[in-house]
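1. output the structure for:
(2 chains)
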Number of protein chains: 2
Amino acid sequence: MATKPRNAFYAQSGGVTAVINTSAAGVIETARKYKKKIGKVYAGRNGIIGALTEDLIDTSKESAAGIKALHYTPAGAFGSCRYKLKGLDESRAQYERLMEVFRAHDIGYFFYNGGGDSADTCLKVSQLAEKMGYPLQAIHVPKTVDNDLPITDVCPGFGSAAKYVAVSTREASLDVASMAKTSTKVFVIEVMGRHAGWIAAAGGLASSKDLEIPIVILFPEVVFDQAKFLAMVDSKVKQFGYCSIVVSEGVKGADGKFLSDQGLRDAFGHAQLGGVAPMIASLVKEHLKYKYHWAVADYLQRAARHIASKTDAQQSYAIGKAAVELAVKGKHSVMPTIVRTASKPYKWKIGVAPLDQVANVEKKMPRDFITEDGFGITAKCRAYLEPLIQGEDYPPYKNGLPQYRLLKNIPVKKKLKTEFKV
Amino acid sequence: MATKPRNAFYAQSGGVTAVINTSAAGVIETARKYKKKIGKVYAGRNGIIGALTEDLIDTSKESAAGIKALHYTPAGAFGSCRYKLKGLDESRAQYERLMEVFRAHDIGYFFYNGGGDSADTCLKVSQLAEKMGYPLQAIHVPKTVDNDLPITDVCPGFGSAAKYVAVSTREASLDVASMAKTSTKVFVIEVMGRHAGWIAAAGGLASSKDLEIPIVILFPEVVFDQAKFLAMVDSKVKQFGYCSIVVSEGVKGADGKFLSDQGLRDAFGHAQLGGVAPMIASLVKEHLKYKYHWAVADYLQRAARHIASKTDAQQSYAIGKAAVELAVKGKHSVMPTIVRTASKPYKWKIGVAPLDQVANVEKKMPRDFITEDGFGITAKCRAYLEPLIQGEDYPPYKNGLPQYRLLKNIPVKKKLKTEFKV
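-> Here you go, the predicted structure:
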């Protein structure tokens, strides 16, 4: 006997990426193919906050062309948020409210597109629904430029950030090389990765067999050793005439504190938030007397859809599509994953991981991905990273700019009388 | 009666760009077509220093494919330098040494690829040659991301930096917009332009009719007014929920000093070289309490060949080609220029300017390119800028990275016995 189709809820969570909307397209376009099972896809405006406040977006009002544009439009099309639901006891009111809203809108599918924290939330939502006897299939859709989720070979979003960092490091290094005789000899680029050095590692790809570039990488996984670092930079400059440094924002001193928290003050003595790049550049200047330049990529690296990895874009879409397919097959409390089936040439397929094995597990760089001296990537790391930045996936352009497109984001009529403050 | 072909000298000067090598390709490929007039093209290793030290590169040893790769390889293929020749009296030894080297290698053509200072040097070299009775055709090949040379409609290199800044500002703004509900509300990006705000102005292009983005621009041409600035940012955040700030490194306070020089000290009280972006971000945090992020594009913006403007690349090549054509026509002490012949659709042709009208003239943003309030670009400015970022000119890729190519840079055998210290 056919059951009535139920609606789906989709939300973006935490820091956005160049291709999180590509996963959204995968979810929405695939859901539109299963009309017998899935009614409408409602998106949370500003992520899970949209669910809590019953501020839902009716994606069925968007044209096929609008959804297609999600493929190549970076950042969060429906808005994301940093709003962490804690344990079931601490945040009980929030979880119960979610159920209330889901019930009111007949939500039978919960697709949560985020990183480690969201995986945990997704699992808790699933558990509570079951406990309350509310039929809900919660599926986590992985996404994080930090690449720190376990089980999956790679996290959607990472490959594009990695490509941006590798390309930018290569380009800036050529610039420095050509000026080094009389000007800048040391270039520092700060990249993201508060706890894991995956993005910093990607800077190492800038150097290849046919284009050697002297690069020193500072990983959060390796305690910063000033003397060793300065000696390494000095030897590179002496050998190559210049040196590029890729520093992770998460690099820490022996005291376990972030280097970026250890120092800058303005003229009035107020503490000045970070940027570890200027601090590293200052060390080089003070101790080695080399002229330096520094850059902080910040949001540019995770929003750079113009230089997205085609592999990453394809995987992001496939992950969104797989999430819906898992749901229609009756799965719940799971996360679709990328499984590497071959390295040369790179081949991958979609796998599936139980959420309780994903939540609260952080995947750092393995020690054998980092060279003995702590400042570079090994051949093993390179073999892992290289396939992830393969291929270009250029957006369409108009008037010289990528033609990113915003959606209409039409709200769903509210059904509840109660309001909920977040 | 046919005269014997004479050799050409080509050098890159000052800060490099994404397309300075494209001009080099224009010079070398065109020179190869005029074998009856031009013998070999010798490039200065590390710019003019290569001429002074008789460290010349024989570009005739490079394959056609190698020179073709210059089209899409950023930075200075032969090395550039910051080494300013002063007046004829002050730097007489340098100028005389140049003549000595040119005479030894039968250099009849001097192509100097640089900005305002180089135009001045080029003119002085031309004047001295004439005075000394040494036959030399000195032609300046314009290049500068700062876009501050007079007469020419635009400076090769600027369009690509402008495109990078416009694209990056658009992308990062979408990121901020999607997170603004609970996280970052103000994003600051610092761009180049020590004296002129052309690159900062390009940030204004990120917003267009079909994709409105709240942007506040801080120009070096407008004295920084803290109260007015904070009020403007606050009003944008209240209206749009977020705001992006594009700040030129050259923005100055009422005292005429760079803001970036006014403040940061490390924990030990040492002055810390700038970054005006963190300073602006701190102001926003302190006075408006908005959560912020900041980026410093630094070399990335002038090396980003991966997102070069096709218009800029075409013009850069045409300028190099024109320089050689002017030379074979017997011209000297001139600079080829870009002449805008129509705006919609944009049309341009090559013109020519006498060097004495170029040297030591700095083109700043006209006041009517900046909005009344001092924080934005006018329609007139947009009409000027938009054509310059048109078109994409992607480099070839290999293993996910642009396949930039280094030349062999084989030295020319020295003929002089004297050494010259620079």
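
2. can you classify the closest residue to chain B within the stretch 101-250 of chain A as helix, strand or coil?
-> Minimum separation of the stretch 101-250 of chain A from chain B (C-beta to the nearest C-beta) falls at residue A:178, amounting to 3.4 Å. In short, each C-beta sits where N, CA and C put it, glycine included. Taken by DSSP: H, G, I helix; E, B strand; the rest coil, the conformation at residue A:178 corresponds to helix.

3. got phi/psi on the residue nearest to it when sequence neighbours are not counted?
-> Among residues not flanking residue A:178 along the chain, residue B:76 sits closest, at 3.4 Å (C-beta to C-beta, 6 or more residues apart in numbering or on different chains). Per-residue torsions, residue B:76: phi -100, psi 110 (degrees, to the nearest 10).

4. give the contact list for the residue of the stretch 101-250 of chain A closest to chain B.
-> Residues in contact with residue A:178, defined by C-beta atoms under 8 Å, 6 or more residues apart in numbering or on different chains, are B:12, B:16, B:75-80.

5. can you rerun that using 7 Å?
-> Counting by C-beta atoms under 7 Å, 6 or more residues apart in numbering or on different chains, residue A:178 makes contact with B:16, B:75-76, B:79-80.

6. can you redo these as a markdown table with secondary structure, pLDDT and neighbour count?
-> Output for these, formatted as a markdown table (DSSP: H, G, I helix; E, B strand; the rest coil; pLDDT from 0 to 100; neighbours: other C-beta atoms under 10 Å in any protein chain shown):
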| residue | secondary structure | pLDDT | neighbour count |
| --- | --- | --- | --- |
| B:16 | coil | 97 | 30 |
| B:75 | coil | 98 | 27 |
| B:76 | coil | 98 | 28 |
| B:79 | coil | 98 | 26 |
| B:80 | coil | 97 | 32 |
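
7. pLDDT below threshold where in the stretch 251-400 of chain A?
-> A:262-274 (pLDDT under 70).

8. ranges for the strands of it?
-> A:292-296, A:334-343, A:346-354, A:397-398 (DSSP state E, counting those that start in this stretch).

9. just give me how far the next helix or strand after the shortest one sits from the chain centre.
-> In other words, strand A:397-398. The C-terminal neighbour of strand A:397-398 among helices and strands, as given by DSSP states H and E, is strand A:401-402. Remark: strand A:401-402 is offset 22 Å from the chain centroid, using C-alpha atoms, centre = their mean, to the nearest Å.

10. given strand A:401-402, what are its sheet partners and their directions?
-> Strand A:401-402 has the following sheet partners, assigned by DSSP bridges: strand A:397-398 (antiparallel).

11. please give me every residue in contact with whichever residue of the stretch 1-150 of chain A sits closest to chain B.
-> Using C-beta to the nearest C-beta, residue A:76 is the residue of the stretch 1-150 of chain A that sits closest to chain B, at 3.4 Å. With contacts defined as C-beta under 7 Å, 6+ apart, residue A:76 is in contact with A:12, A:16, A:20, B:178.

12. any chance of the contacts of residue A:178 in TSV, with distance to residue A:330 too?
-> Converted to TSV, these look like this (distance: C-beta to C-beta, whole Å):
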residue	distance to residue A:330
B:16	59
B:75	56
B:76	61
B:79	64
B:80	64
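
13. between those residues, which is nearest residue A:201?
-> Among the contacts of residue A:178, residue B:75 lies closest to residue A:201 (C-beta to C-beta), at 23.8 Å.

14. was I right to think the closest one contacts residue A:175?
-> Yes. With contacts counted by C-beta atoms under 7 Å, residue B:75 reaches residue A:175, the gap being 4.4 Å.

15. need the residues touching each of those two.
-> Joint contacts of residue B:75 and residue A:175 (C-beta under 7 Å, 6+ apart) are B:16, B:303.

16. run a quick neighbour tally on the closest residue to residue A:373 other than its chain neighbours.
-> Leaving aside its chain neighbours, residue A:373 sits nearest to residue A:232 (6.9 Å; criterion: C-beta to C-beta, 6+ apart). Residue A:232: 19 surrounding residues under other C-beta atoms under 10 Å in any protein chain shown.

17. got the contact list for the helix or strand residue A:232 falls within?
-> Here residue A:232 is covered by helix A:226-240, with elements defined by DSSP H and E. With C-beta under 7 Å, 6+ apart as the contact definition, helix A:226-240 has outside contacts at A:185-186, A:214, A:216, A:243, A:245, A:283-284, A:287-288, A:290, A:373, A:375.

18. just to revisit the earlier point, now do the residue nearest to residue A:373 against residue A:216, distance only.
-> Counting by C-beta to C-beta, to the nearest Å, the separation of residue A:232 from residue A:216 is 5 Å.

19. between the two, what contacts are shared?
-> residue A:375.

20. now the helix or strand hosting residue A:109, how far from the centre of its chain.
-> Assessed by DSSP H and E, residue A:109 sits inside strand A:107-114. Relative to its parent chain, strand A:107-114 has a centroid offset of 18 Å by C-alpha atoms, centre = their mean.

21. what's the answer for stretch A:211-226, then?
-> The answer for stretch A:211-226 is 22 Å, by C-alpha atoms, centre = their mean.

22. buried ones in that stretch?
-> A:211, A:213-222, A:224 (16 or more other C-beta atoms under 10 Å in any protein chain shown).

23. now, which of those residues lie close to chain B?
-> Among these, the residues that sit close to chain B (C-beta under 7 Å from any C-beta of the partner chain) are residue A:211.

24. and the buried residues of stretch A:211-226, which two are the farthest apart?
-> So, these by C-beta to C-beta: farthest apart are A:211 and A:224, at 28.1 Å.
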